[in-house]
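[1] Give me a model of this one.
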Amino acid sequence: MWLVATVAGALTVLTGVLSGDDAVAVTRRLAPVLLFLIAATVLAELADRAGAFDLAADRAARLARGRTPVLFALVVLLATATTIVLSLDTTAVLITPVVLAMAKRLKLDPLPFAFAAVWLANTASLLLPVSNLTNLLAVGRLGLSPAETIARTALPSAVAVLVTVTALALWHRRSLAGRYDVPERSRPRDPALVAVVAVVCVALVPAVLLGAPVAAVFGVGAAVVGVATLLRNRSALRLGLVPWRLVLLVEGLFLVVTAAGPHGLDHLLATAAGDGGPARTVATAAVGANLANNLPAYLSLERVVPHDLLDVLIGVDLGPLILPWASLATLLWAERCRAAGVMIPWRSFVLRGALLTPPLLLLSTLALHL
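    Next up, the predicted model:
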């Protein structure tokens, strides 16, 4: 997918469909997002190599004391917190293999934990600017401070997580009803390095709330953990930590969508969104995200409904639950599931997503406009 997006984006410029000046403007607008994506991915990968996520899963398994429902609740908390602080892609890439390995080790059904990872990666991604790349794009357009934005999105975010967890618990109630053997206590490979990772991750949230540039905050955090890793485990540092394929994918998608705007896309979306109020805007954003991916869907709708961006964010953040290409996080999650040998029933994935999405969007939108 990244190769297709890269070639398509390059062709829009080479063929003159998108002028060089417009391409430069798009890239300049996208630069903070790409820098954040790189920094957040590097930070998350280094945290994983330090054993921070494995340690968290191990502690959760022991803390639940053999009670599967309690373990599931702790996994929900871990996935939600990781999504909010380190972005939905981090949850998809790093939390997914951890919880799948944990389920295998404890001889539990992996599907409830797999679905929790992918659904919460999307539905818990509304609260902070760093939780979703679409939020990061919207920060400068909302006209709100980070604290004001969080105050507006806190209730719909809580509603979205609650609806998601309720659906998960109902659909997987049989698998989550049993018990498991408590594993032996494990120790981190390098307690000092894990401590540095923990301090950095905890410090990210207040720094963002105080209004510091998100890309700069995560860049500093990644640099601190990188230096600590260099001193403690130099072999973990390599060029492969940089997510260059994701960078090319995002850049290509934005070039294509920008080029398509004046050639009918903007008119189509404006007609779909109309003036039917928040519900129609949210529905248009969710449908666009499922058909074409949430990042280009946001960019397109930003041009035609600039005064309802929180409604757009609800649609593009919470709505991509039906089709597997609706969000980058879902694609990354599917790859991790395949790598772990967990077969996802795609018919069930689409059907459950289609059943969950309408009430999820409706209740979250009502919460936003209370």
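
[2] Any stretches of the stretch 251-370 of the chain with poor pLDDT?
    By pLDDT under 70, the low-scoring segments of the stretch 251-370 of the chain are 276.

[3] For the most centrally placed residue in the chain, report the pLDDT, please.
    Ranked by distance to the mean C-alpha position of the chain (Cα atoms, centre = their mean), the top residue is L88 at 1.7 Å. We have a pLDDT of 90 for L88.

[4] cool, the one 5 residues further on as well?
    According to the per-residue confidence, V93 scores 81 in pLDDT.

[5] picking that back up, pull the contacting residues for the residue nearest to the centre of the chain.
    L88 makes contact with A121, N122, A124, S125, S131, N132, S327, A329, according to Cβ atoms under 8 Å, 6 or more residues apart in numbering. Every C-beta, even on glycine, is put in place using the N, C-alpha and C of the backbone.

[6] List the contacts of stretch 299-316.
    By Cβ under 8 Å, 6+ apart, stretch 299-316 touches 126, 132, 134-135, 137-138, 141-142, 152-153, 156, 254, 257-258, 260-261, 265-266, 269-270, 273, 278, 281-286, 288-289, 294-295, 297-298, 361, 364-365, 368.

[7] Mind checking which of those residues are in helices?
    134-135, 137-138, 141-142, 152-153, 156, 254, 257-258, 260, 265-266, 269-270, 273, 278, 281-286, 288-289, 294-295, 297-298, 361, 364-365, 368 (DSSP state H).

[8] Just the buried residues from those residues, in ChimeraX please.
    Selection of buried members from the ones in helices among the contacts of stretch 299-316 for ChimeraX, criterion 16 or more other Cβ atoms under 10 Å:
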select :134,135,137,138,142,153,156,254,257,258,260,265,266,269,270,273,278,281,282,283,284,285,286,288,289,294,295,297,298,361,364,365,368
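
[9] just checking, D190 touches L55?
    No: in this structure, D190 is not within contact of L55 by Cβ atoms under 8 Å, at 10.5 Å.

[10] Check which residues of stretch 227-234 are buried.
    Buried-residue list, stretch 227-234, by 16+ other Cβ under 10 Å: A228, T229, N233.

[11] host element of the first one?
    This means A228. If you go by DSSP states H and E, A228 is part of helix 214-232.

[12] Look through this structure and tell me its longest helix.
    helix 20-50.

[13] residues in contact with the closest residue to A39 other than its chain neighbours?
    Among residues not flanking A39 along the chain, F218 sits closest, at 3.9 Å (Cβ to Cβ, 6 or more residues apart in numbering). For F218, the contact set (Cβ under 8 Å, 6+ apart) comprises F36, A39, A40, L43, V130, L204.

[14] do the same with L246
    Taking Cβ under 8 Å, 6+ apart, one finds W2, L37, T41, D89, L328 in contact with L246.

[15] Quick check, the last one in contact with V247.
    The reference is to L328. No: assessed by Cβ under 8 Å, L328 is found out of contact with V247, at 11.5 Å.

[16] higher neighbour count, these two?
    When L328 and V247 are compared for neighbours, L328 comes out ahead with 25 against 19, by other Cβ atoms under 10 Å.

[17] Might you report the residue contacts of the more buried one?
    L328 neighbours (Cβ under 8 Å, 6+ apart): D89, A92, L246, L249, V250, N293, N294, L295.

[18] 7 Å - rerun?
    D89 (Cβ atoms under 7 Å, 6 or more residues apart in numbering).

[19] Okay, it and L253: tell me how far apart.
    Look at L328 and L253: by Cβ to Cβ, to the nearest Å, they are 9 Å apart.

[20] Need the distance between the two termini of stretch 117-131.
    14 Å (Cα to Cα, to the nearest Å).

[21] roughly how far is stretch 334-349 from the heart of the chain?
    Mean C-alpha position of stretch 334-349 versus that of the full chain (Cα atoms, centre = their mean, to the nearest Å) differs by 18 Å.

[22] So for stretch 356-365, what gets flagged as buried?
    L356, T357, L360, L361, S364, T365.

[23] Check stretch 293-311 too.
    Here stretch 293-311 shows 293-302, 304-305, 308-311 as buried, counting by 16+ other Cβ under 10 Å.

[24] tell me which of these is nearest to A8?
    Nearest to A8, judged by Cβ to Cβ, of the buried residues of stretch 293-311 is P296 at 11.0 Å.

[25] Can you check the pLDDT for F72?
    95.

[26] no no, S125
    96.

[27] you'd agree it is up against D317?
    Yes: with contact defined as Cβ atoms under 7 Å, S125 reaches D317; the gap is 5.1 Å.

[28] Return every residue with contacts to both of these two.
    Shared contacts of S125 and D317, defined by Cβ under 7 Å, 6+ apart, comprise N132.
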